[in-house]
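Chemist: The following block contains a protein sequence and its predicted model.
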Amino acid sequence: MVLHTTPWRETSLIVETFTATTARRPCRPGAKRPTSQFRGLLAPFAPLSLSWSGRNEIKNLVRVEWIGGLTPLRGNALLAAFYANELVVRLLARADPHERLFDNYLQMLRGLAEARQDITLRVFEMQLLREVGL
């Protein structure tokens with residue numbers, strides 16, 4: 001899942017991803033180029049299969065595949081999901097896997113899509129705080 005993107009140089013982005021096995025990981029896909037194969041895929045809340053390479057903290061993204069399965073978010077549900085992404089970016093350390101939290105994140109997105117916004121978001125907040133030890 002893409003949590004956040006930041007422009008980097010003229011032809012690239014830094015994409016903050018959240019996966020079940022590697023937690024938060026920054027990647028550099030080169031997605032701002034008009035011919036980039038990743039350009040339309042790196043959207044928040046889209047389930048993706050990602051592959052990267054490199055020895056640095058910021059990996060080079062080499063493959064992105066959309067795997068689908070989530071209903072698109074709209075209105076207040078979309079705002080709540082962006083809020084949850086900010087919480088994950090700010091509270092989780094990079095490269096610190098939280099498989100259970102990733103599953104909770106997916107459940108939260110499904111709940112937001114089903115218009116159960118208040119309770120779904122509050123449950124995720126509590127799960128996130130427990131995972132980080134608070």
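Modeler: That came in fine, so what should we check first?
Chemist: use CA for all of it now, contacts and neighbours both
Modeler: Noted.
Chemist: in this structure, which helix has the most residues?
Modeler: Criterion DSSP state H: the longest helix present in the chain is helix 75-91.
Chemist: quick one: average pLDDT of that helix?
Modeler: The predicted model assigns helix 75-91 a mean pLDDT of 92.
Chemist: which other residues reach that helix?
Modeler: Helix 75-91 has contacts (CA atoms under 8 Å, 6 or more residues apart in numbering) with 3-4, 16, 24, 45, 109, 112-113, 115, 117, 121, 125, 128, 132.
Chemist: Tell me which of these fall in helices.
Modeler: 109, 112-113, 117, 121, 125, 128.
Chemist: OK, contacts around residue 64?
Modeler: 38, 41, 48-51.
Chemist: Quick check on residue 69: phi, psi?
Modeler: phi 110, psi -10 (degrees, to the nearest 10).
Chemist: do residue 66 as well
Modeler: phi -80, psi 130.
Chemist: Identify the bridge partners of it.
Modeler: residue 48 (DSSP bridges).
Chemist: Check residue 4 too.
Modeler: Beta bridges link residue 4 to residue 16, judged by DSSP bridges.
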